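# Got a sequence here, can you model it:
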Amino acid sequence: MILKDLTVCKDCGKGKKIYALGQCEYCYKKALAKRNPKFAAKTKAMRKRIDRRANIRRYGISPEEFDLMVQIQDGLCAICRRPERVERLTRLSVDHDHKTGKVRGLLCQPCNRALGHFQDSILVLENAIQYLKCS
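The predicted model follows:
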């Protein structure tokens with residue numbers, strides 16, 4: 001129930017649309033979750049499921065195609081061959097070529113970040129390999 005279009009939330013102090021009790025939507029739901037743990041667990045699980053589907057579709061593949069890729073890779077990262085950590089709800093990330101947008105495979109978060117930091121440069125990665133061999 002929106003009371004006002006834009007004002008300051010009494011909890012977080014940010015200028016947002018205000019819901020009941022002078023709170024923004026985030027603070028209102030946070031307070032509701034604190035009072036009702038079942039609501040918190042349900043909304044967290046729903047948010048993760050929605051985020052995962054939206055994230056996968058961003059790369060032009062369906063959730064079913066993602067699940068097939070996981071199966072083909074035996075649930076392992078394409079680089080380090082470590083499994084996804086389902087117990088912590090950490091999923092393999094969709095890796096793609098930033099120039100062409102083509103999906104290359106599924107990576108764990110550390111490997112995906114590493115490629116990003118190396119800017120997908122084979123030369124930089126070869127230099128990193130030489131550096132590691134010398135140390």
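# Pretty sure residue 106 sits against residue 77.
Yes: when contacts are counted by CB atoms under 8 Å, residue 106 is listed as touching residue 77 (7.0 Å). For the C-beta atoms, the positions are set from N, CA and C on the backbone; glycine is no exception.
# Residue 106 in helix, strand or coil?
In three-state terms, and counting by DSSP: H, G, I helix; E, B strand; the rest coil, residue 106 is strand.
# In the sheet, which residues pair with it? Tell me.
Legend: beta-bridge partners of residue 106 under DSSP bridges are residue 94.
# tell me, what's touching residue 106 and residue 77 both at once?
Taking CB atoms under 8 Å, 6 or more residues apart in numbering as the contact rule, residue 106 and residue 77 both touch residue 92.
# remind me which residues of this protein are low pLDDT?
For the chain, the stretches flagged by pLDDT under 70 are 1-6, 20, 39-55, 85-90.
# quick one: the strands in it?
Per DSSP state E, the chain carries strands over the ranges 4-8, 15-18, 93-96, 103-107.
# Comparing those strands, which comes out most buried?
strand 93-96 (a mean of 20; mean count of other CB atoms under 10 Å).
# which other residues reach that one?
For strand 93-96, using CB under 8 Å, 6+ apart, the contacting residues are 55-56, 59, 61, 66, 78, 102-109, 112, 115.
# Quick one: distance of that strand to the chain centre.
Relative to its chain's centre, strand 93-96 lies at 11 Å (CA atoms, centre = their mean, to the nearest Å).
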